[in-house]
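Visitor: Following is a predicted model, sequence given first.
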Amino acid sequence: MRRVVVTGMGMVTPLGPDLESTWSGLLAGRSGVGPISLFDARTFPTRIAAEVPNFQLEDYLHDRAGRWVEHSRNSKFALAAGAMAVKDACLLDRPAQIKPARFGVYLGSGEGQHDFPRFVSLIARCTKNGHVDTAEFTRLGVKELHAVHEAEQEPGTPSAHLASYFGAKGPNSNCLTACAASSQAIGEAYELIRRGNADVILSGGTHSMIHPFGVTGFILLTALSTRNDEPQRASRPFDRDRDGFILGEGAGMLVLEELEHARRRGARIHGEVIGYGSSADAFRITDSHDEGRGAIACIREALEGAETDPADVDYINAHGTSTSVNDSIETLAIKKTFGPAAYTVPISSTKSMMGHLIAAAGSVEAIVCLLTIRDGMLPPTINLENPDPECDLDYIPNQARPKRVDVALSNSFGFGGQNITLILRRFSD
């Protein structure tokens, strides 16, 4: 079976506009959480989020950015992170080395943002005696709603934009598995390359749900923290006083490449993907199974596929959302799959600093794993001040830690019970 390596990385997150600024923020234990500015959230129970600050697509695409001015933050984040990853991989420096039909795109992306202000204005104008006149709304909507904005609601749109921008004519797909989406995209891209269906795939995730519909949905699910007066202390995975997650946004992209293809073009290799596990809880939509059966199954599958013993894993990037159920069930799953090694492997949740990037979370966290391999530094779990007695593992509390990492594991568990585990390794011949 063909080996799959990572030759390019790029990300846009609440901690910075690129990979290195995000990484330095993580190692410094800096929080990217603050008051919501993307819309007026004054009447919402949750009024804080982790937004990407001062984002301008022109900073990444330069003279070609004008084409995308009407597009969603989902698409813009994807293009920015994709451009960084492709540049990092030197993928288009010699176009003749890349066959377009063997170059694919595989993303995890959720629904795009509605043109909310215009949408609300139309509803108000078409409401009579407390009821929306749907015929009038349709008549006006056809005239006044922007076609591009409507197309941007489709989750597969960012992957189409990336294929168009980079000339990738190979396999093109998008995962819709909520918080596990981009990890699944990486895993499925890995399998496509291993099977010989592609040589290079730009894979990862992008998402922004910091808009009224997105925030309202998570409020209704009672999933968000309401620690509005202390935004930087609100995301506190594994802490006894956690009260929900912080909604974040951004994108993470990786160039996955078949090893011999990368060697032929002299590519720099950041690491190797060696394990991919996927499972479903087959339980409730919003809750993990109380015995962690889905999480356990996918971690075991990834370890078996990687032919790796738990004792050989040097670092775990936890899903670690800062919700009561997730953190305790993930802890249980690690204990059941790692046995005695569970108490010696360092674990952290970078969501404590970036918030939860939903569909984009797993890809950003996979990149974090590769950076721990590169630099021998482990990012902390911040705000871990009063550990939950049920969460009694080594979560690297509050301060980064030096450690050589050869094998790193990343967990992503999504609403609906979708579970993904990825294993990445330092590259060696």
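Guide: Sure thing, it's come through.

Visitor: which residues sit in contact with the residue lying closest to residue 179 once chain neighbours are set aside?
Guide: Across the structure, with C-beta to C-beta, 6 or more residues apart in numbering as the measure, the residue nearest residue 179 apart from its sequence neighbours is residue 414 (3.9 Å). The C-beta positions use only the backbone N, C-alpha and C, and glycine is treated the same way. Under the criterion of C-beta atoms under 8 Å, 6 or more residues apart in numbering, the neighbours of residue 414 are 177, 178, 179, 180, 181, 420.

Visitor: For residue 414, give the beta-bridge partners.
Guide: Going by DSSP bridges, residue 414 is paired in beta bridges with residue 418.

Visitor: re the thing from before, and which of the contacts of residue 414 is nearest residue 378?
Guide: Relative to residue 378, the closest of the contacts of residue 414 is residue 420; by C-beta to C-beta it sits at 21.4 Å.

Visitor: That closest one belongs to a strand?
Guide: Yes: for residue 420, which was evaluated using DSSP: H, G, I helix; E, B strand; the rest coil, the result is membership in a strand.

Visitor: Could you report the pLDDT at it?
Guide: On pLDDT, residue 420 comes in at 98.

Visitor: ok, and the closest non-adjacent residue to it?
Guide: According to C-beta to C-beta, 6+ apart, the nearest residue to residue 420 is residue 183 (4.0 Å).

Visitor: The one you found is in what secondary structure piece?
Guide: Remark: residue 183 resides in helix 181-195, with elements defined by DSSP states H and E.

Visitor: Show me which positions of that helix end up buried.
Guide: Applying a neighbour-count criterion of 16 or more other C-beta atoms under 10 Å, the buried positions in helix 181-195 are 181-194.

Visitor: next one: stretch 229-248
Guide: 231-239, 242-248.

Visitor: what mean pLDDT does it have?
Guide: What stretch 229-248 shows for mean pLDDT is 98.

Visitor: Dump that stretch to PDB, keeping only the CA atoms.
Guide: Coordinates of each C-alpha in stretch 229-248 appear next as PDB, following Å, rounded to 0.1, in the frame of the first residue of the first chain:
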ATOM      1  CA  ASP A 229     -17.900  38.500  31.500                       C
ATOM      2  CA  GLU A 230     -14.700  36.400  31.300                       C
ATOM      3  CA  PRO A 231     -14.400  35.500  27.600                       C
ATOM      4  CA  GLN A 232     -10.700  34.400  27.800                       C
ATOM      5  CA  ARG A 233     -11.500  32.100  30.700                       C
ATOM      6  CA  ALA A 234     -14.700  30.600  29.200                       C
ATOM      7  CA  SER A 235     -13.200  27.600  27.300                       C
ATOM      8  CA  ARG A 236     -11.900  25.300  30.000                       C
ATOM      9  CA  PRO A 237     -11.700  21.700  28.900                       C
ATOM     10  CA  PHE A 238     -11.400  19.100  31.600                       C
ATOM     11  CA  ASP A 239     -12.000  21.700  34.300                       C
ATOM     12  CA  ARG A 240     -14.600  21.100  37.000                       C
ATOM     13  CA  ASP A 241     -16.200  24.500  36.300                       C
ATOM     14  CA  ARG A 242     -16.600  24.100  32.500                       C
ATOM     15  CA  ASP A 243     -20.000  25.200  31.200                       C
ATOM     16  CA  GLY A 244     -19.900  24.600  27.400                       C
ATOM     17  CA  PHE A 245     -17.800  25.300  24.400                       C
ATOM     18  CA  ILE A 246     -16.800  28.500  22.600                       C
ATOM     19  CA  LEU A 247     -17.800  28.800  19.000                       C
ATOM     20  CA  GLY A 248     -14.800  29.500  16.800                       C
END
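
Visitor: on that earlier part again, and the residue nearest to residue 179, how far from residue 358?
Guide: Taking C-beta to C-beta, to the nearest Å as the measure, residue 414 falls 9 Å from residue 358.

Visitor: nearest to residue 134, of the buried residues of stretch 229-248?
Guide: Using C-beta to C-beta, residue 247 is the member of those that lies nearest residue 134, at 30.9 Å.
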